[in-house]
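Asker: turn this into a structure:
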Amino acid sequence: MSQYFGLLLVVFAGVMTSVTANVNCYSCSYTITAAPWLHYECANDTDHVKTGSPTVPCPETFQCVTKVVYNQDLTEIRSISRGCFLPDSFKCGENCCDQSLYDVSCQYQCRSDNCNNRDVTAILKQPSGTGTAASTTPSVSTPCILMLCYFVVMRMFAGVK
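Answerer: Numbering: from 1, shown residues only. Okay, here's the model as predicted:
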């Protein structure tokens with residue numbers, strides 16, 4: 001009977017090790033669109049991601065990963081993907097950026113609870129030739145102006161018969 005108890009204890013310990021080996025990773029994505037402020041919290045405010053599952057369990061065979069693609073001059077984020085992945089292999093190694101003719105792709109990996117929360121806007125530069133300080137977050141003023149114009153025009157035509 002004691003031999004079965006010992007075997008049961010070893011199996012139970014193995015199950016507990018595999019269960020406790022999971023960590024949690026932030027999980028979100030962002031792709032620049034006509035409305036660049038949508039889901040932008042994935043870039044710089046992972047604690048406030050409200051879409052999908054903001055965190056996911058990550059088994060020990062994977063890593064918490066942040067993948068980000070910038071435009072070539074580092075003035076704009078094209079896309080971000082955070083989650084539990086098998087990291088891609090990059091020419092430069094781990095936790096680095098590769099530059100091509102068209103863009104800059106970066107990947108950061110880690111292995112602790114919610115460690116993939118790097119603010120990927122920190123690397124952004126001011127667009128060249130602007131002469132003024134540029135914001136690293138998408139502007140809401142243009143969409144607001146467009147919405148205001150839309151409502152003014154709709155109100156003008158509402159009275160026309």
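
Asker: neighbours of the nearest residue to residue 51 once chain neighbours are set aside, how many?
Answerer: Distance criterion C-beta to C-beta, 6 or more residues apart in numbering; nearest residue to residue 51, sequence neighbours excluded, is residue 39 at 6.3 Å. Every residue, glycine included, has its C-beta placed from N, CA and C. The number of residues packed near residue 39 is 18, by other C-beta atoms under 10 Å.

Asker: so who does residue 39 touch?
Answerer: Each residue near residue 39 by C-beta atoms under 8 Å, 6 or more residues apart in numbering is listed here: 28-30, 49, 51.

Asker: the residues you listed in strands, which ones?
Answerer: Members of the contacts of residue 39 lying in strands (criterion: DSSP state E): 28-30.

Asker: buried only: go through those residues for me.
Answerer: Neighbour-count burial (16 or more other C-beta atoms under 10 Å) applied to the ones in strands among the contacts of residue 39 gives 28, 30.

Asker: between the ones in strands among the contacts of residue 39, which is nearest residue 117?
Answerer: Using C-beta to C-beta, residue 28 comes nearest to residue 117 of the ones in strands among the contacts of residue 39, at 10.3 Å.

Asker: I appreciate the help and will end here.
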